[in-house]
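Novice: here's a sequence, model it:
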Amino acid sequence: MAETRRKFDRDFREGAVRLVRETGKPIAQVARDLGINSGTLGNWVNADERRRGGGDGVLSEDERAELARLRKENAELAMRCDVLKRSVALWVQDAMGR
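Specialist: Predicted coordinates:
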């Protein structure tokens, strides 16, 4: 016999996560009080922590790759900006010399 999946609206999920965060009660206890699976509530709490940036401070592999790409792009853009500044300075010097 197949179980029917319960759907929880966003307000309920946010309220449940807020209960865990603000009361300091264990996830299992809050889940039991609300009549939901502790694994489900744990997933909601983990997702909320990721959204808030409250991770363990370690970047994932994808985040490290993106950071490396962005640093490379930033260095290239800084170099282009420097070249443009120098060319404008030379152009102004040339214009003033005439």
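
Novice: please pull out the lowest mean pLDDT helix or strand from the chain.
Specialist: Here the helix or strand of the chain ranked lowest by mean pLDDT, DSSP states H and E is helix 38-52, holding a mean of 90.

Novice: name the residues of the helix or strand just after that helix that are buried.
Specialist: Per DSSP states H and E, the first helix or strand lying C-terminal to helix 38-52 is helix 61-97. Buried positions in helix 61-97, judged by neighbour count with 16 or more other CB atoms under 10 Å: none. For the C-beta atoms, the positions are set from N, CA and C on the backbone; glycine is no exception.

Novice: same question for helix 61-97, mean pLDDT?
Specialist: Taken as a whole, helix 61-97 carries a mean pLDDT of 93.

Novice: just how off-centre is stretch 22-37 within its chain?
Specialist: Here stretch 22-37 is found 25 Å from its chain centre; the criterion is CA atoms, centre = their mean, to the nearest Å.

Novice: residues contacting that stretch, please?
Specialist: Here stretch 22-37 makes contact (CB atoms under 8 Å, 6 or more residues apart in numbering) with 6, 8, 16, 19-20, 38, 40-42, 45.

Novice: same check on stretch 46-65?
Specialist: 17, 21, 67.

Novice: disregarding residues adjacent in the polypeptide, which is nearest to the last one?
Specialist: Which is Leu67. Leu59 (6.7 Å; CB to CB, 6 or more residues apart in numbering).

Novice: how far away is that neighbour from Leu70?
Specialist: Going from Leu59 to Leu70 by CB to CB, to the nearest Å gives 12 Å.

Novice: circling back: give me the buried positions along the least confident helix or strand of the chain.
Specialist: So for helix 38-52, counting by 16+ other CB under 10 Å, buried means 40-41, 44-45, 48.

Novice: endpoints of stretch 51-64, how far apart?
Specialist: In stretch 51-64, first residue to last residue: 18 Å (CA to CA, to the nearest Å).

Novice: check what pLDDT Gly55 gets.
Specialist: We have a pLDDT of 58 for Gly55.

Novice: wait, Arg21
Specialist: 91.

Novice: ok, now which ones touch it?
Specialist: 45, 48.

Novice: can you give me the neighbour number for Ile27?
Specialist: The number of residues packed near Ile27 is 20, by other CB atoms under 10 Å.
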